[in-house]
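Asks: Quick one, structure for this:
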Amino acid sequence: MDRFIPFYNFFFSRNWLVALCFLLTGSLLGYDALYHNGSKRNFFSLYHNEFAPAVMLACGHGLVDVREKDVPGLSEFLWFHPQKRANTFQCQQIPAAVSPLQPDGFQRMHSHLLFMVGSWWKMFGVAWNNLYPLLGFFHGLTAMGAFLLLRTTFHPLIATVGGVVITTIHPIYWQVMNFRDYSKIPFIILSLYFMLVLITRPFAFRRHLIYAILAGLLFGLSTGFRIDTLVLLPAMLVAFFVSPGSFWQNMRRKSLSFIVFLVSMAGVGAPVFLTMLDTSGNPSPTMYMGLGNGFSQQLQVHHSLYEVEYQYHDIYLDLQIRDHAWRHDGKQLGVVVANPVGGAVRAGDFFIPDYAQAGEKLFHHTLMFMPADVVTRALASVKVIANSLGYGNMGIIATLLALLLIASRHTRMAFFLMFLLLILAGYPSILFKERHYSHLVIVPIWTLCFYAHIVSTTSLSSIRQFLPSGGKGMLWLVAGFWLPLFLFLQGLRHFQDGEMRSTLQHIVSLEREPLPISKIIPRQDRVLLRLIPSDSPANKVISHYLVMQFDDVHCPVQKLPVAWRYGSTSYSLDRESLLTLPEGGITILTQLFEAPTIQFMGIELNKEHLGCLQSVSLVKNFQHLQVVPTLTLPANWQEIPLYQTIGLDTANHVYSPYLVDTRPNGMLVPGMGL
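Replies: Numbers count the residues shown, from 1 in each chain. Here you go, the predicted structure:
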């Protein structure tokens, strides 16, 4: 590794001048992207209507919430659709007698973002386009952080080229127009910079204290924008304790440094941590969404015979959580019935303690239902991110080879980097959407910079001696990290297979009630089979567990188009799928929901495929089930492993062996800017 510049001299070196150039250039690029495209997009994603506290702060009323209907013009300013949203707001429009409200859970979780925006508006006027320089500055921080991160270990020229690539590459640069998700990127990159400095520089107590304070302030500040940086806490802990030098000799001082880090972080991030403690900021509901098959295609994982969620949608998640709360705790949480596309629902409506607790229980029950799959999906996320520059699986192969080469010379650093890779590139599997992981293109870029550094600084004879001289370190990495990780995953799979097999056997044995087809409704070349003639319930969620048995003998096709349809006034829970019929037929069990404005309409098939559906029934007394999965059970289902696996193919990936969605549903709203 390259020799590092002393800390006290760094800010006066040429590196600091280059870093300032990156800051300025990145800020200008970010501003330019927002200036030419920001007015046409939702650069705060779905959450513009949560910025009332920023408006109130800018107008001298403090960081408080307010009912939009109590302030003329505020609804238009905070409207969801950018085409209808007013660009400016006048503080004189706020009535003198307006009643302030406490910020909701979502607003408290983003308190630093709202405070920053409100303070900026206070200086420059309450207008969305006035934010462009401020938001562009964050891209400047990203550019500067990228150069510093690469310069920590690589030659100045390589760090400069790599920094330019990170600054201008589309997955990062274009993401600045979705600022709520982008805002975490500079914090993560700067956090990585602090970690690499800690593990590569000799231990010095005073310097560690300075790093601890700065890193703590950085982490604490970042939590009020996005809490993603908190996943790096374990890596930061390791970085403090595995820095060069004797481990036990400096244990007390390293421990003190880490305590200082935690205190600094807690002091700045207190509003967010307090919100998380009262459970209204609990991220479990979001984490649950990531376990659904909505992301399996992108993760390139192969499903087994079960799934827990087929649609990535807040309203679908809301129905599952409220149903789970009623079935297990007898809590009637009501239901959100307004349409989020129209802007009437605020994210804060979902950030209430009872709702968060119910979501946490649902997530934990699901986690125990499929623990091995959580690890599998995390490893799949690492693979996809390492391959994100293209070239198939060469990305993950190059990354692992780089770690082996590092282990040949610096075993401790290789262990840390492997641990960091699993956390940094594995956590996006929680919600594997591009806007959440696009910044991690820095992983393959760092790998390329590593090889460029090796080639530029190592002679051919030295490269030839890498394997013989560093075989011991490589062996330590394989035997001490990779092999235990593999055995851990295999043990989890064995446990999950046994537990899930018992659960599925229990579900199959539950008593069923035959369900007659009450009505057949023609729909051009298709027919809708009405099954459950009921009215939508008032202010609550009810669910059914539907069983459909399909016969391959009387079915003219092996690939059967099938859909279940809902009637809804504002959003669609429809599912359109292609069902592969194996020999002996197949049984599908799926949970159906009904709520205000939502009614299950029936099963839709092609007219010539009516003979494929052999019988329909409802599972009786399923309310005790901790998880109500969708199951696709062929006749030989007991012979099939019940866990997900990582696909080695990177193209034409099919995530399910039997039931594949042909029209995936998700929060794809025009103008959202995702």
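Asks: Show the contacting residues for Trp564.
Replies: Residues near Trp564 by CB atoms under 8 Å, 6 or more residues apart in numbering: 574-575, 590, 592, 600, 602-604. No exception for glycine: its C-beta is placed from N, CA and C like everyone else's.
Asks: Adding distance to Leu448, neighbour count and pLDDT, write those residues out as TSV.
Replies: Below are these laid out as TSV (distance: CB to CB, whole Å; neighbours: other CB atoms under 10 Å; pLDDT from 0 to 100):
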residue	distance to Leu448	neighbour count	pLDDT
Asp574	44	16	86
Arg575	41	21	87
Thr590	45	19	93
Leu592	49	19	90
Phe600	51	21	84
Gly602	53	24	86
Ile603	51	20	89
Glu604	49	19	89
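Asks: what about the helices in the stretch 251-400 of the chain?
Replies: Using DSSP state H, counting those that start in this stretch, the helices assigned to the stretch 251-400 of the chain run over residues 251-277, 284-289, 296-299, 314-329, 353-369, 371-386, 394-409.
Asks: Worst mean pLDDT among those helices?
Replies: When the helices of the stretch 251-400 of the chain are ranked by mean pLDDT, helix 284-289 comes last with a mean of 78.
Asks: tell me what it is packed against?
Replies: helix 314-329, helix 353-369 (3 or more CB pairs under 8 Å, 6 or more residues apart in numbering; DSSP states H and E).
Asks: List the contacts of it.
Replies: With contacts defined as CB under 8 Å, 6+ apart, helix 284-289 is touched by 308-309, 312, 317, 320-321, 350, 355-356, 359-360, 362-364, 366, 430-431.
Asks: And those, which of them are buried?
Replies: Buried by 16 or more other CB atoms under 10 Å: 308-309, 312, 317, 320-321, 350, 355-356, 359-360, 362-363, 366, 430-431, out of the contacts of helix 284-289.
Asks: which of those lies closest to Leu333?
Replies: Leu333 lies nearest to Tyr355 out of the buried ones among the contacts of helix 284-289, by CB to CB, at 5.9 Å.
Asks: how near is the closest one to Thr275?
Replies: The spacing between Tyr355 and Thr275, counted by CB to CB, to the nearest Å, is 14 Å.
Asks: will you turn the helices of the stretch 251-400 of the chain into CSV that also has distance to Glu583?
Replies: What follows is these, written out as CSV (distance: least, CB to CB, whole Å):
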stretch, distance to Glu583
helix 251-277, 51
helix 284-289, 35
helix 296-299, 25
helix 314-329, 33
helix 353-369, 29
helix 371-386, 27
helix 394-409, 36
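Asks: Compare those and give me the one nearest Phe194.
Replies: helix 251-277 (9.5 Å).
Asks: Turn the helices and strands packed on helix 284-289 into CSV, columns for distance to Pro516.
Replies: What follows is the helices and strands packed on helix 284-289, written out as CSV (distance: least, CB to CB, whole Å):
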stretch, distance to Pro516
helix 314-329, 25
helix 353-369, 32
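Asks: so which of those helices comes closest to Gln558?
Replies: Evaluated over those, closeness to Gln558 peaks at helix 314-329, with 29.5 Å, by CB to CB.
Asks: Packing partners of the closest one?
Replies: helix 284-289, helix 353-369, strand 542-550, strand 586-594.
Asks: Try it again at 10 Å.
Replies: For helix 314-329, the packing partners by 3 or more CB pairs under 10 Å, 6 or more residues apart in numbering; DSSP states H and E come out as helix 284-289, helix 353-369, strand 542-550, strand 586-594, strand 598-606.
Asks: Just send those back as TSV, with distance to Lys383 too.
Replies: As requested, the helices and strands packed on helix 314-329 are exported to TSV (distance: least, CB to CB, whole Å):
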stretch	distance to Lys383
helix 284-289	20
helix 353-369	22
strand 542-550	34
strand 586-594	30
strand 598-606	37
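Asks: Could you list the buried residues of stretch 259-276?
Replies: By 16+ other CB under 10 Å, the buried positions in stretch 259-276 come out as 260-262, 264-265, 268-269, 271-273, 275-276.
Asks: got the buried residues for stretch 82-97?
Replies: By neighbour count with 16+ other CB under 10 Å, stretch 82-97 contains the buried residues 82, 85, 89, 94.
Asks: Show me which of these is closest to Ser296.
Replies: Within the set of the buried residues of stretch 82-97, Pro82 lies nearest Ser296; the separation is 31.4 Å, counting by CB to CB.
Asks: Identify the spatial nearest neighbour of the most centrally placed residue in the chain, chain neighbours not counted.
Replies: The centroid of the chain falls nearest to Leu431 when counting by CA atoms, centre = their mean (2.8 Å). Closest residue to Leu431 apart from its sequence neighbours, by CB to CB, 6 or more residues apart in numbering: Gly290 at 4.4 Å.
Asks: Would you check which pair of the buried residues of stretch 259-276 lies furthest apart?
Replies: Spatial extent of these (CB to CB) is set by the pair Val260 and Thr275 at 23.9 Å.
Asks: re the thing from before, how about the helices of the stretch 251-400 of the chain, which one is nearest Ile185?
Replies: Across the helices of the stretch 251-400 of the chain, closest to Ile185 is helix 371-386 (CB to CB), at 14.2 Å.
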